[in-house]
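Engineer: have a look at this fold, sequence not included:
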């Protein structure tokens, strides 16, 4: 039709082992390479991906395939041309760091994968991708490669979230502590050697990711003497760094007792203690359901903590409750296994929603807390609400306690609609 078309570039699809092996020679004859990973994988490892009897062996993460891909890209760059990729591997998030490290110039993916692939690529630095790839290229089997990449990316997501979260909080002048909870913690500090090794690991982690200190949540199997000695070692290790103030805190059941000498020793180590002034009722581990955070029990437990200055103590606030189905307040059940059939955790937003389905709120003046009854009166919920939380706040402030902590925020979180980007903390925001 007489339309000018200029001088279009000509390239080649590299999708057989033969072409990959001869890539250095082929690169002298073309303007670009496009790697077809689907066929290249199939022919390299002799697996017909359409044959259900052997298709499970098909994987572009086979080290033989990875070495060929690296060679193809190297040959292209040595000849001064670009190498792209057309195949399912280009859109695989596990493959991204390897392809970036190899120097792939173009990722050709389906339209539905464009934004996701761009985000994945932008999330990697060449330095980190190179370290991952060096490790991968030393491996001999596909399973080693995929297991390593899967584990690395799973851990990386958590670490990346923590890094961004810490940076955001620091931007507001806030602090973030690394909190540790372990059911077998007593085993981790059983000997001096194990204890010292754990301290070294935790301090290195805190320094590496810019945390502001350490919080120990040791509830099950608590040994208060070992607890003190471990926190003492943590403080001594963190105090060796003079770059900033590192906080040492701990969360402890409000029902335990300390001698005055041990309380004085612990007070010199920790910046504050978070007292678990919740789970004081039946929960699902006692045979008689009762209130979760009754003030008489809170006051009774806190009397044991008079050996500490109140300024060292923070009061725990619960953003959840317990729902007892077909049970009455104070009704004794034959066994714990039986009560567990009738009880469950319930979040505060779920409690608010229950009020829309016939449940009603009542108030107990003695305990200064609400409770909720089903429309037929056969079931009840025990939890705090803004009124009882405010009472606890005023009560604690009047007595000189240091502050408060929530267990835990996500139990209080609600999105108005599933499409909302931000939600609300119903209890926390109300006060």
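Structural biologist: Great, that's in hand. Keep in mind it's a predicted model, so treat the numbers as computed, not measured.
Engineer: please count neighbours and contacts with C-alpha atoms only from this point.
Structural biologist: Will do.
Engineer: tell me how far the residue positioned nearest the centre of the chain lies from residue 209.
Structural biologist: The chain has residue 158 as the residue nearest its centroid, 5.2 Å off, counting by CA atoms, centre = their mean. Residue 158 is 12 Å from residue 209, where distance means CA to CA, to the nearest Å.
Engineer: pLDDT wise, what is the nearest residue to residue 294 once chain neighbours are set aside at?
Structural biologist: Nearest residue to residue 294, sequence neighbours excluded (CA to CA, 6 or more residues apart in numbering): residue 367, at 4.9 Å. Residue 367 carries a pLDDT score of 96 in this model.
Engineer: repeat for residue 374
Structural biologist: Value listed for residue 374 in the pLDDT field: 95.
Engineer: which phi and psi values does the residue lying closest to it once chain neighbours are set aside adopt?
Structural biologist: Distance criterion CA to CA, 6+ apart; nearest residue to residue 374, sequence neighbours excluded, is residue 359 at 4.4 Å. Here is the backbone geometry of residue 359 (degrees, to the nearest 10): phi -70, psi 150.
Engineer: quick one, what contacts residue 359?
Structural biologist: 372, 373, 374, 375 (CA atoms under 8 Å, 6 or more residues apart in numbering).
Engineer: please check the residues you listed and keep the buried ones.
Structural biologist: 372, 373, 374 (16 or more other CA atoms under 10 Å).
Engineer: one step back: state the helix or strand in which the residue nearest to the centre of the chain lies.
Structural biologist: helix 142-171 (DSSP states H and E).
Engineer: how about that helix: buried residues?
Structural biologist: Under the neighbour-count criterion of 16+ other CA under 10 Å, helix 142-171 has 142, 145, 146, 148, 149, 162, 166, 167 buried.
Engineer: what does stretch 37-54 give?
Structural biologist: Judged by neighbour count using 16+ other CA under 10 Å, the buried positions of stretch 37-54 are 37, 38, 39, 40, 41, 42, 43, 44, 45, 47, 48, 49.
Engineer: which residues are contacting that stretch?
Structural biologist: By CA under 8 Å, 6+ apart, the residues outside stretch 37-54 that reach it are 14-17, 55-60, 64-65, 85-89.
Engineer: now do the same contact list for the residue nearest to residue 294.
Structural biologist: Counting by CA under 8 Å, 6+ apart, residue 367 has contacts 294, 295, 296.
Engineer: do a quick rundown of the strands in the stretch 301-431 of the chain.
Structural biologist: Secondary structure of the stretch 301-431 of the chain, counting by DSSP state E, counting those that start in this stretch: strands at 313-318, 320-324, 343-347, 360-364, 369-373, 380-382, 403-407, 413-414, 424-425.
Engineer: how about these in TSV, adding distance to residue 396?
Structural biologist: TSV is the format used below for the strands of the stretch 301-431 of the chain (distance: least, CA to CA, whole Å):
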stretch	distance to residue 396
strand 313-318	7
strand 320-324	20
strand 343-347	24
strand 360-364	19
strand 369-373	15
strand 380-382	21
strand 403-407	8
strand 413-414	24
strand 424-425	22
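Engineer: all the helices of the stretch 301-431 of the chain, in order from the start?
Structural biologist: 336-340, 348-354, 386-398, 426-430 (DSSP state H, counting those that start in this stretch).
Engineer: report all helices and strands that the last one contacts.
Structural biologist: This points to helix 426-430. Other helices and strands packing on helix 426-430, by 3 or more CA pairs under 8 Å, 6 or more residues apart in numbering; DSSP states H and E, are helix 348-354.
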